[in-house]
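[1] what follows is a protein structure lacking sequence information:
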(Lines give C-alpha, C1' and ligand atoms only; values in the text may rest on other atoms or scores of the structure.)
Protein backbone atom coordinates (compact mmCIF):
# COMPACT_ATOMS: atom_id res chain seq x y z
CA UNK A 1 0.00 0.00 0.00
CA UNK A 2 2.79 2.46 0.88
CA UNK A 3 4.35 1.91 -2.56
CA UNK A 4 1.11 2.80 -4.34
CA UNK A 5 0.55 5.78 -2.07
CA UNK A 6 4.07 7.10 -2.67
CA UNK A 7 3.60 6.83 -6.43
CA UNK A 8 0.22 8.56 -6.35
CA UNK A 9 1.43 11.46 -4.20
CA UNK A 10 4.55 12.07 -6.31
CA UNK A 11 2.56 11.84 -9.53
CA UNK A 12 0.10 14.43 -8.24
CA UNK A 13 2.86 16.79 -7.17
CA UNK A 14 4.64 16.50 -10.52
CA UNK A 15 1.40 17.06 -12.41
CA UNK A 16 0.36 20.13 -10.44
CA UNK A 17 3.79 21.77 -10.42
CA UNK A 18 4.97 21.12 -13.99
CA UNK A 19 1.63 21.29 -15.74
CA UNK A 20 -1.21 23.68 -16.46
CA UNK A 21 -2.00 24.29 -12.78
CA UNK A 22 1.46 25.89 -12.33
CA UNK A 23 1.56 25.27 -8.57
CA UNK A 24 5.30 25.90 -8.46
CA UNK A 25 5.88 25.34 -4.68
CA UNK A 26 5.04 21.65 -5.11
CA UNK A 27 8.04 21.11 -7.40
CA UNK A 28 10.31 21.42 -4.34
CA UNK A 29 8.69 18.30 -2.87
CA UNK A 30 7.48 16.20 -5.84
CA UNK A 31 10.11 13.40 -5.58
CA UNK A 32 9.95 13.18 -1.75
CA UNK A 33 7.62 10.14 -1.46
CA UNK A 34 9.65 8.12 -3.96
CA UNK A 35 12.96 8.96 -2.28
CA UNK A 36 11.48 8.14 1.11
CA UNK A 37 10.49 4.78 -0.36
CA UNK A 38 13.94 4.24 -1.89
CA UNK A 39 15.57 4.81 1.51
CA UNK A 40 13.44 2.09 3.07
CA UNK A 41 13.64 -1.70 2.89
CA UNK A 42 11.12 -1.82 0.03
CA UNK A 43 12.11 -4.20 -2.79
CA UNK A 44 14.02 -2.44 -5.54
CA UNK A 45 11.61 -3.58 -8.24
CA UNK A 46 8.76 -1.89 -6.40
CA UNK A 47 10.73 1.36 -6.16
CA UNK A 48 11.51 1.11 -9.87
CA UNK A 49 7.89 0.59 -10.93
CA UNK A 50 6.60 3.27 -8.57
CA UNK A 51 9.12 5.81 -9.89
CA UNK A 52 8.39 5.15 -13.55
CA UNK A 53 4.63 5.23 -12.97
CA UNK A 54 4.75 8.40 -10.87
CA UNK A 55 6.89 10.34 -13.32
CA UNK A 56 4.85 9.23 -16.35
CA UNK A 57 1.53 10.02 -14.65
CA UNK A 58 2.89 13.42 -13.69
CA UNK A 59 3.31 14.24 -17.37
CA UNK A 60 -0.38 13.77 -18.20
CA UNK A 61 -0.57 17.54 -18.67
CA UNK A 62 1.24 16.99 -21.98
CA UNK A 63 -1.78 15.07 -23.24
CA UNK A 64 -4.00 17.96 -22.14
CA UNK A 65 -1.83 20.35 -24.13
CA UNK A 66 -1.17 18.35 -27.28
CA UNK A 67 -3.89 15.71 -27.70
CA UNK A 68 -5.14 16.06 -31.25
CA UNK A 69 -2.46 18.66 -32.00
CA UNK A 70 0.72 16.55 -31.93
CA UNK A 71 1.06 12.81 -32.59
CA UNK A 72 1.95 10.59 -29.65
CA UNK A 73 5.12 9.63 -31.54
CA UNK A 74 6.50 13.06 -30.63
CA UNK A 75 5.49 13.23 -26.97
CA UNK A 76 5.66 9.59 -25.84
CA UNK A 77 9.38 8.90 -26.48
CA UNK A 78 10.42 11.92 -24.42
CA UNK A 79 8.21 10.90 -21.49
CA UNK A 80 9.40 7.29 -21.67
CA UNK A 81 13.09 8.17 -21.74
CA UNK A 82 12.83 10.73 -18.97
CA UNK A 83 10.66 8.40 -16.88
CA UNK A 84 13.19 5.59 -17.15
CA UNK A 85 16.06 7.97 -16.34
CA UNK A 86 14.20 9.30 -13.32
CA UNK A 87 13.57 5.78 -11.99
CA UNK A 88 17.25 4.88 -12.40
CA UNK A 89 18.17 8.03 -10.48
CA UNK A 90 15.88 7.15 -7.57
CA UNK A 91 17.27 3.61 -7.43
CA UNK A 92 20.84 4.92 -7.59
CA UNK A 93 20.18 7.26 -4.67
CA UNK A 94 18.76 4.40 -2.61
CA UNK A 95 21.82 2.27 -3.30
CA UNK A 96 24.20 5.07 -2.37
CA UNK A 97 22.22 5.59 0.84
CA UNK A 98 22.60 1.94 1.82
CA UNK A 99 26.13 1.34 0.57
CA UNK A 100 27.76 4.64 1.51
CA UNK A 101 26.20 7.35 3.68
CA UNK A 102 23.28 9.75 3.92
CA UNK A 103 25.68 12.64 3.24
CA UNK A 104 26.69 11.18 -0.12
CA UNK A 105 23.09 10.23 -0.88
CA UNK A 106 22.10 13.87 -0.31
CA UNK A 107 24.04 14.84 -3.44
CA UNK A 108 23.50 11.60 -5.38
CA UNK A 109 19.90 12.22 -6.41
CA UNK A 110 20.19 15.86 -7.57
CA UNK A 111 23.55 15.28 -9.26
CA UNK A 112 22.54 12.25 -11.31
CA UNK A 113 19.12 13.61 -12.30
CA UNK A 114 20.63 16.93 -13.35
CA UNK A 115 23.24 15.15 -15.46
CA UNK A 116 20.72 12.82 -17.12
CA UNK A 117 18.25 15.64 -17.76
CA UNK A 118 21.04 17.60 -19.43
CA UNK A 119 22.21 14.73 -21.64
CA UNK A 120 18.63 13.95 -22.68
CA UNK A 121 18.24 17.61 -23.66
CA UNK A 122 21.43 17.48 -25.73
CA UNK A 123 20.25 14.56 -27.88
CA UNK A 124 16.50 15.28 -27.89
CA UNK A 125 14.98 16.96 -30.97
CA UNK A 126 12.97 18.99 -28.43
CA UNK A 127 16.02 20.37 -26.64
CA UNK A 128 15.52 21.13 -22.96
CA UNK A 129 11.71 20.89 -23.10
CA UNK A 130 10.46 19.06 -20.02
CA UNK A 131 13.31 20.09 -17.71
CA UNK A 132 12.11 20.18 -14.11
CA UNK A 133 13.61 23.63 -13.56
CA UNK A 134 10.98 25.28 -15.78
CA UNK A 135 8.37 24.58 -13.11
CA UNK A 136 9.83 27.47 -11.08
CA UNK A 137 9.58 30.27 -13.65
CA UNK A 138 6.53 31.71 -11.87
CA UNK A 139 8.78 32.19 -8.81
CA UNK A 140 11.56 34.54 -10.00
CA UNK A 141 13.65 34.28 -6.81
CA UNK A 142 13.86 30.52 -7.34
CA UNK A 143 15.40 30.73 -10.81
CA UNK A 144 18.14 33.33 -10.38
CA UNK A 145 20.78 30.61 -10.03
CA UNK A 146 20.19 30.01 -13.75
CA UNK A 147 22.28 33.14 -14.38
CA UNK A 148 25.19 31.22 -12.85
CA UNK A 149 24.75 27.68 -14.16
CA UNK A 150 21.65 27.50 -16.37
CA UNK A 151 18.25 25.89 -15.95
CA UNK A 152 19.94 22.70 -14.77
CA UNK A 153 21.05 24.48 -11.59
CA UNK A 154 17.36 25.12 -10.85
CA UNK A 155 16.65 21.42 -11.43
CA UNK A 156 19.48 20.56 -9.03
CA UNK A 157 18.05 22.79 -6.30
CA UNK A 158 14.56 21.32 -6.62
CA UNK A 159 15.97 17.79 -6.37
CA UNK A 160 18.24 18.74 -3.48
CA UNK A 161 15.27 20.17 -1.57
CA UNK A 162 13.19 17.04 -2.08
CA UNK A 163 16.08 14.78 -1.13
CA UNK A 164 16.79 16.77 2.02
CA UNK A 165 13.17 16.39 3.13
CA UNK A 166 13.18 12.66 2.35
CA UNK A 167 16.35 12.18 4.41
CA UNK A 168 14.87 14.07 7.34
CA UNK A 169 11.81 11.84 7.16
CA UNK A 170 14.29 8.98 7.59
CA UNK A 171 15.75 10.77 10.63
CA UNK A 172 18.96 11.79 8.88
CA UNK A 173 18.73 15.27 10.35
CA UNK A 174 22.23 16.58 9.70
CA UNK A 175 22.49 15.92 5.94
CA UNK A 176 18.84 16.84 5.48
CA UNK A 177 19.36 20.13 7.29
CA UNK A 178 22.45 20.87 5.21
CA UNK A 179 20.44 20.40 2.03
CA UNK A 180 17.74 22.77 3.26
CA UNK A 181 20.42 25.33 4.16
CA UNK A 182 21.91 25.21 0.65
CA UNK A 183 18.47 25.75 -0.90
CA UNK A 184 17.79 28.65 1.47
CA UNK A 185 21.11 30.25 0.49
CA UNK A 186 20.22 29.92 -3.19
CA UNK A 187 16.86 31.60 -2.58
CA UNK A 188 18.57 34.39 -0.63
CA UNK A 189 20.86 34.92 -3.62
CA UNK A 190 17.74 35.07 -5.78
CA UNK A 191 16.07 37.77 -3.70
CA UNK A 192 19.28 39.81 -3.57
CA UNK A 193 19.67 39.60 -7.35
CA UNK A 194 16.07 40.70 -7.87
CA UNK A 195 16.82 43.84 -5.85
CA UNK A 196 19.75 44.88 -8.07
CA UNK A 197 19.43 48.12 -10.13
CA UNK A 198 17.82 47.81 -13.55
CA UNK A 199 19.18 48.89 -16.90
CA UNK A 200 17.85 51.56 -19.26
CA UNK A 201 14.29 51.01 -20.44
CA UNK A 202 12.73 50.70 -23.86
CA UNK A 203 9.04 50.66 -24.78
CA UNK A 204 8.13 47.42 -26.57
CA UNK A 205 4.92 45.82 -27.84
CA UNK A 206 3.68 42.43 -29.02
CA UNK A 207 0.88 42.14 -31.57
CA UNK A 208 -1.09 39.06 -32.60
CA UNK A 209 -4.13 39.02 -34.88
CA UNK A 210 -5.85 35.65 -35.06
CA UNK A 211 -8.34 36.90 -37.65
CA UNK A 212 -5.67 37.64 -40.22
CA UNK A 213 -3.92 34.37 -39.44
CA UNK A 214 -7.13 32.43 -40.03
CA UNK A 215 -7.78 34.32 -43.25
CA UNK A 216 -4.28 33.50 -44.44
CA UNK A 217 -4.73 29.81 -43.70
CA UNK A 218 -7.86 29.79 -45.84
CA UNK A 219 -6.53 31.74 -48.80
CA UNK A 220 -2.78 32.36 -49.07
CA UNK A 221 -3.33 34.79 -51.91
CA UNK A 222 -1.30 37.91 -52.50
CA UNK A 223 -4.33 39.98 -51.58
CA UNK A 224 -4.87 38.20 -48.24
CA UNK A 225 -1.23 38.57 -47.24
CA UNK A 226 -1.15 42.24 -48.21
CA UNK A 227 -4.29 42.77 -46.15
CA UNK A 228 -2.71 41.02 -43.14
CA UNK A 229 0.43 43.16 -43.35
CA UNK A 230 -1.65 46.31 -43.77
CA UNK A 231 -3.71 45.41 -40.69
CA UNK A 232 -0.58 45.16 -38.53
CA UNK A 233 0.89 48.33 -40.08
CA UNK A 234 -2.30 50.24 -39.32
CA UNK A 235 -2.22 49.16 -35.67
CA UNK A 236 1.45 50.10 -35.37
CA UNK A 237 0.52 53.58 -36.53
CA UNK A 238 -1.57 54.03 -33.38
CA UNK A 239 1.18 53.00 -30.97
CA UNK A 240 2.83 55.92 -29.24
CA UNK A 241 6.45 55.83 -28.13
CA UNK A 242 6.95 52.12 -28.87
CA UNK A 243 10.43 51.37 -30.20
CA UNK A 244 10.28 47.59 -30.75
CA UNK A 245 7.27 45.64 -32.09
CA UNK A 246 7.00 41.87 -32.48
CA UNK A 247 4.52 39.99 -34.68
CA UNK A 248 4.14 36.16 -34.39
CA UNK A 249 5.83 33.34 -36.23
CA UNK A 250 4.32 32.70 -39.66
CA UNK A 251 2.10 35.79 -39.50
CA UNK A 252 2.67 36.32 -43.21
CA UNK A 253 2.89 33.53 -45.76
CA UNK A 254 4.10 34.38 -49.24
CA UNK A 255 6.05 33.40 -52.28
CA UNK A 256 9.39 34.99 -53.08
CA UNK A 257 7.86 36.87 -55.98
CA UNK A 258 5.33 38.51 -53.63
CA UNK A 259 7.75 39.33 -50.81
CA UNK A 260 8.29 43.00 -51.59
CA UNK A 261 4.60 43.77 -52.07
CA UNK A 262 3.51 41.93 -48.91
CA UNK A 263 6.16 43.38 -46.61
CA UNK A 264 6.05 46.97 -47.88
CA UNK A 265 3.41 48.14 -45.33
CA UNK A 266 5.55 46.97 -42.40
CA UNK A 267 8.67 48.61 -43.80
CA UNK A 268 6.76 51.87 -44.12
CA UNK A 269 5.30 51.50 -40.62
CA UNK A 270 8.79 51.05 -39.14
CA UNK A 271 9.98 54.29 -40.73
CA UNK A 272 6.87 56.24 -39.77
CA UNK A 273 6.92 55.05 -36.15
CA UNK A 274 10.72 55.29 -35.83
CA UNK A 275 10.59 51.74 -34.49
CA UNK A 276 12.01 48.28 -35.10
CA UNK A 277 9.26 46.03 -36.48
CA UNK A 278 9.83 42.26 -36.53
CA UNK A 279 7.44 39.81 -38.14
CA UNK A 280 7.51 36.06 -38.56
CA UNK A 281 7.04 34.83 -42.11
CA UNK A 282 6.62 31.52 -43.86
CA UNK A 283 7.98 31.44 -47.37
CA UNK A 284 6.33 29.06 -49.81
CA UNK A 285 8.01 27.01 -52.55
CA UNK A 286 10.59 26.39 -51.21
CA UNK A 287 9.46 26.42 -47.59
CA UNK A 288 11.41 28.69 -45.22
CA UNK A 289 10.54 29.86 -41.73
CA UNK A 290 12.07 33.32 -41.30
CA UNK A 291 11.79 36.53 -39.34
CA UNK A 292 12.05 39.88 -41.14
CA UNK A 293 13.12 42.86 -39.08
CA UNK A 294 12.51 46.34 -40.46
CA UNK A 295 14.62 49.13 -38.99
CA UNK A 296 13.68 52.83 -38.95
CA UNK A 297 16.49 53.68 -41.40
CA UNK A 298 15.07 51.31 -44.01
CA UNK A 299 17.49 48.44 -43.39
CA UNK A 300 16.14 44.88 -43.26
CA UNK A 301 17.54 41.95 -41.27
CA UNK A 302 16.50 38.38 -42.07
CA UNK A 303 16.81 35.44 -39.70
CA UNK A 304 16.04 31.78 -40.50
CA UNK A 305 14.74 29.46 -37.77
CA UNK A 306 17.46 27.08 -36.64
CA UNK A 307 15.34 24.37 -34.99
CA UNK A 308 12.25 23.44 -37.06
CA UNK A 309 9.51 21.45 -35.32
CA UNK A 310 9.73 18.04 -36.98
CA UNK A 311 7.91 16.43 -38.70
CA UNK A 312 5.65 19.45 -39.32
CA UNK A 313 8.32 21.84 -40.50
CA UNK A 314 10.55 20.54 -43.26
CA UNK A 315 12.32 23.84 -43.79
CA UNK A 316 16.08 24.06 -44.10
CA UNK A 317 17.47 25.18 -40.72
CA UNK A 318 19.22 28.52 -40.58
CA UNK A 319 22.78 29.03 -39.36
CA UNK A 320 23.07 32.70 -38.46
CA UNK A 321 22.70 33.84 -34.81
CA UNK A 322 19.91 36.37 -35.34
CA UNK A 323 21.72 39.56 -34.29
CA UNK A 324 19.85 42.78 -35.05
CA UNK A 325 22.29 45.40 -33.80
CA UNK A 326 21.98 47.64 -30.77
CA UNK A 327 22.21 44.63 -28.40
CA UNK A 328 18.97 43.24 -29.85
CA UNK A 329 18.53 39.77 -31.37
CA UNK A 330 15.83 37.36 -32.49
CA UNK A 331 15.13 33.63 -32.29
CA UNK A 332 12.01 31.89 -33.59
CA UNK A 333 9.79 29.84 -31.25
CA UNK A 334 11.45 26.41 -30.80
CA UNK A 335 14.94 27.89 -31.06
CA UNK A 336 14.44 29.04 -27.47
CA UNK A 337 14.17 25.41 -26.28
CA UNK A 338 17.88 24.92 -26.99
CA UNK A 339 20.09 26.58 -24.36
CA UNK A 340 23.30 26.29 -26.35
CA UNK A 341 21.78 27.86 -29.46
CA UNK A 342 20.52 30.84 -27.49
CA UNK A 343 23.70 31.10 -25.45
CA UNK A 344 25.82 31.36 -28.59
CA UNK A 345 23.70 34.30 -29.70
CA UNK A 346 23.64 35.91 -26.25
CA UNK A 347 27.43 35.86 -26.10
CA UNK A 348 27.42 38.74 -28.60
CA UNK A 349 26.05 41.06 -25.90
CA UNK A 350 22.29 40.65 -26.36
CA UNK A 351 20.15 42.66 -23.93
CA UNK A 352 16.72 42.20 -25.58
CA UNK A 353 15.56 39.04 -27.34
CA UNK A 354 12.59 39.29 -29.72
CA UNK A 355 10.77 35.98 -30.23
CA UNK A 356 8.01 35.40 -32.81
CA UNK A 357 6.29 32.12 -31.94
CA UNK A 358 3.30 29.88 -32.60
CA UNK A 359 1.95 27.80 -29.73
CA UNK A 360 -0.60 25.00 -29.39
CA UNK A 361 -3.34 26.64 -27.36
CA UNK A 362 -3.20 25.26 -23.84
CA UNK A 363 0.60 25.09 -23.80
CA UNK A 364 1.01 28.87 -23.95
CA UNK A 365 2.66 29.21 -20.53
CA UNK A 366 4.26 25.74 -20.62
CA UNK A 367 6.22 26.80 -23.69
CA UNK A 368 6.40 30.53 -23.08
CA UNK A 369 8.17 30.14 -19.74
CA UNK A 370 11.10 28.45 -21.49
CA UNK A 371 11.88 31.77 -23.21
CA UNK A 372 11.68 33.55 -19.86
CA UNK A 373 14.26 31.13 -18.45
CA UNK A 374 16.60 31.78 -21.39
CA UNK A 375 16.47 35.46 -20.50
CA UNK A 376 17.50 34.79 -16.89
CA UNK A 377 20.28 32.46 -18.02
CA UNK A 378 21.80 34.98 -20.42
CA UNK A 379 20.91 38.40 -19.05
CA UNK A 380 18.40 39.67 -21.61
CA UNK A 381 14.79 40.81 -21.54
CA UNK A 382 12.33 38.88 -23.72
CA UNK A 383 9.60 40.16 -26.02
CA UNK A 384 7.58 37.16 -27.21
CA UNK A 385 4.61 37.33 -29.57
CA UNK A 386 2.82 34.04 -30.22
CA UNK A 387 -0.24 32.85 -32.06
CA UNK A 388 -2.58 30.48 -30.21
CA UNK A 389 -0.87 30.90 -26.86
CA UNK A 390 0.58 33.81 -24.87
CA UNK A 391 2.21 37.11 -25.58
CA UNK A 392 4.72 37.88 -22.83
CA UNK A 393 7.15 40.62 -21.97
CA UNK A 394 9.68 39.71 -19.27
CA UNK A 395 12.79 41.33 -17.86
CA UNK A 396 16.20 39.72 -17.51
CA UNK A 397 15.32 38.51 -13.99
CA UNK A 398 12.31 36.55 -15.25
CA UNK A 399 9.64 38.93 -13.97
CA UNK A 400 6.60 39.11 -16.25
CA UNK A 401 5.81 42.75 -17.06
CA UNK A 402 2.89 42.03 -19.41
CA UNK A 403 1.10 38.97 -20.74
CA UNK A 404 -2.08 38.20 -22.64
CA UNK A 405 -3.66 35.09 -24.17
CA UNK A 406 -3.90 35.07 -27.97
CA UNK A 407 -6.43 32.29 -28.38
CA UNK A 408 -9.33 34.69 -28.90
CA UNK A 409 -10.32 36.42 -32.12
CA UNK A 410 -9.08 39.83 -33.17
CA UNK A 411 -5.94 41.82 -32.49
CA UNK A 412 -4.28 41.25 -29.12
CA UNK A 413 -1.67 43.81 -28.07
CA UNK A 414 0.47 44.21 -24.99
CA UNK A 415 3.10 46.84 -24.26
CA UNK A 416 5.60 47.51 -21.50
CA UNK A 417 8.50 49.74 -20.63
CA UNK A 418 11.02 46.93 -20.19
CA UNK A 419 14.51 47.37 -18.71
CA UNK A 420 17.22 46.04 -20.98
CA UNK A 421 19.17 43.18 -19.48
CA UNK A 422 22.77 43.48 -18.31
CA UNK A 423 24.02 41.20 -21.07
CA UNK A 424 26.10 38.00 -20.84
CA UNK A 425 26.02 36.25 -17.46
CA UNK A 426 28.40 33.76 -15.90
CA UNK A 427 26.36 30.99 -17.51
CA UNK A 428 26.69 32.64 -20.92
CA UNK A 429 30.45 32.62 -20.49
CA UNK A 430 31.09 29.18 -18.99
CA UNK A 431 28.23 27.23 -20.57
CA UNK A 432 27.13 23.84 -19.25
CA UNK A 433 29.99 23.25 -16.83
CA UNK A 434 27.55 22.54 -14.00
CA UNK A 435 25.73 19.50 -15.46
CA UNK A 436 29.07 18.06 -16.55
CA UNK A 437 30.31 18.47 -12.97
CA UNK A 438 27.16 16.68 -11.79
CA UNK A 439 27.90 13.84 -14.20
CA UNK A 440 31.46 13.53 -12.90
CA UNK A 441 30.24 13.53 -9.29
CA UNK A 442 27.70 10.83 -10.11
CA UNK A 443 30.39 8.60 -11.58
CA UNK A 444 32.62 9.11 -8.54
CA UNK A 445 29.77 8.39 -6.12
CA UNK A 446 28.83 5.25 -8.02
CA UNK A 447 32.41 3.97 -8.06
CA UNK A 448 32.82 4.75 -4.36
CA UNK A 449 29.59 3.04 -3.31
CA UNK A 450 29.85 -0.08 -5.44
CA UNK A 451 33.62 -0.49 -5.16
CA UNK A 452 33.37 -0.33 -1.37
CA UNK A 453 30.72 -3.06 -1.39
CA UNK A 454 32.88 -5.31 -3.59
CA UNK A 455 35.88 -4.66 -1.33
CA UNK A 456 33.78 -5.52 1.71
CA UNK A 457 32.51 -8.73 0.09
CA UNK A 458 36.06 -9.72 -0.83
CA UNK A 459 37.27 -9.13 2.73
CA UNK A 460 34.45 -11.22 4.18
CA UNK A 461 35.23 -13.99 1.71
CA UNK A 462 38.90 -14.09 2.70
CA UNK A 463 37.99 -14.15 6.39
CA UNK A 464 35.67 -17.10 5.88
CA UNK A 465 38.25 -19.00 3.89
CA UNK A 466 40.84 -18.55 6.69
CA UNK A 467 38.30 -19.75 9.21
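    It's in. Remember, predicted model here, so these are calculated numbers, not experimental data.

[2] got the buried residues for the biggest strand by length in the chain?
    When the chain is parsed with DSSP state E, its longest strand is strand 244-255. For strand 244-255, a neighbour-count test (16 or more other Cβ atoms under 10 Å) marks 244-254 as buried. Where you see a C-beta, it was placed from the backbone N, CA and C, and this is true even at glycine.

[3] among those residues, which one sits closest to residue 170?
    Nearest to residue 170 among the buried residues of strand 244-255: residue 249, at 48.9 Å, using Cβ to Cβ.

[4] in three-state terms, label the nearest residue to the closest one once chain neighbours are set aside for me.
    Using Cβ to Cβ, 6 or more residues apart in numbering and skipping residues adjacent in sequence, the residue nearest residue 249 is residue 280, 3.7 Å away. Using DSSP: H, G, I helix; E, B strand; the rest coil, the secondary structure recorded for residue 280 is strand.

[5] what do you get for the one 3 residues further on?
    Per three-state DSSP, the local secondary structure of residue 283 is strand.

[6] wait, what's in contact with the residue nearest to residue 249?
    247-252, 289-291, 332, 356-358 (Cβ atoms under 8 Å, 6 or more residues apart in numbering).

[7] now swap in residue 143 and tell me
    Residue 143 sits next to 133, 136-137, 151, 154, 190, 373, 376, 398 when contact means Cβ under 8 Å, 6+ apart.

[8] let's see 6 Å
    Taking Cβ atoms under 6 Å, 6 or more residues apart in numbering, we find residue 143 in contact with 136, 154, 376, 398.

[9] could I get these as JSON lines with neighbour count and pLDDT?
    As requested, the contacts of residue 143 are exported to JSON lines (neighbours: other Cβ atoms under 10 Å; pLDDT from 0 to 100):
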{"residue": "136", "neighbour count": "27", "pLDDT": "98"}
{"residue": "154", "neighbour count": "30", "pLDDT": "98"}
{"residue": "376", "neighbour count": "30", "pLDDT": "98"}
{"residue": "398", "neighbour count": "28", "pLDDT": "98"}
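
[10] restricted to helices, list the residues you listed.
    Within the contacts of residue 143, residues falling in helices by DSSP state H are 154, 376.

[11] between the contacts of residue 143, which is nearest residue 45?
    When those are compared against residue 45 (criterion: Cβ to Cβ), the nearest one is residue 154, at 31.5 Å.

[12] ok, and the closest non-adjacent residue to the closest one?
    Distance criterion Cβ to Cβ, 6+ apart; nearest residue to residue 154, sequence neighbours excluded, is residue 133 at 3.2 Å.

[13] check contacts around that neighbour.
    151, 154-155.

[14] do the same with residue 118
    152, 435.

[15] in terms of helices and strands, where is it?
    Using DSSP states H and E, the element containing residue 118 is helix 102-123.

[16] which of the residues in that helix are buried?
    So, applying 16+ other Cβ under 10 Å, buried residues of helix 102-123: 102-118, 120-121.

[17] now do stretch 78-91
    Applying 16+ other Cβ under 10 Å to stretch 78-91 flags 78-79, 82-91 as buried.
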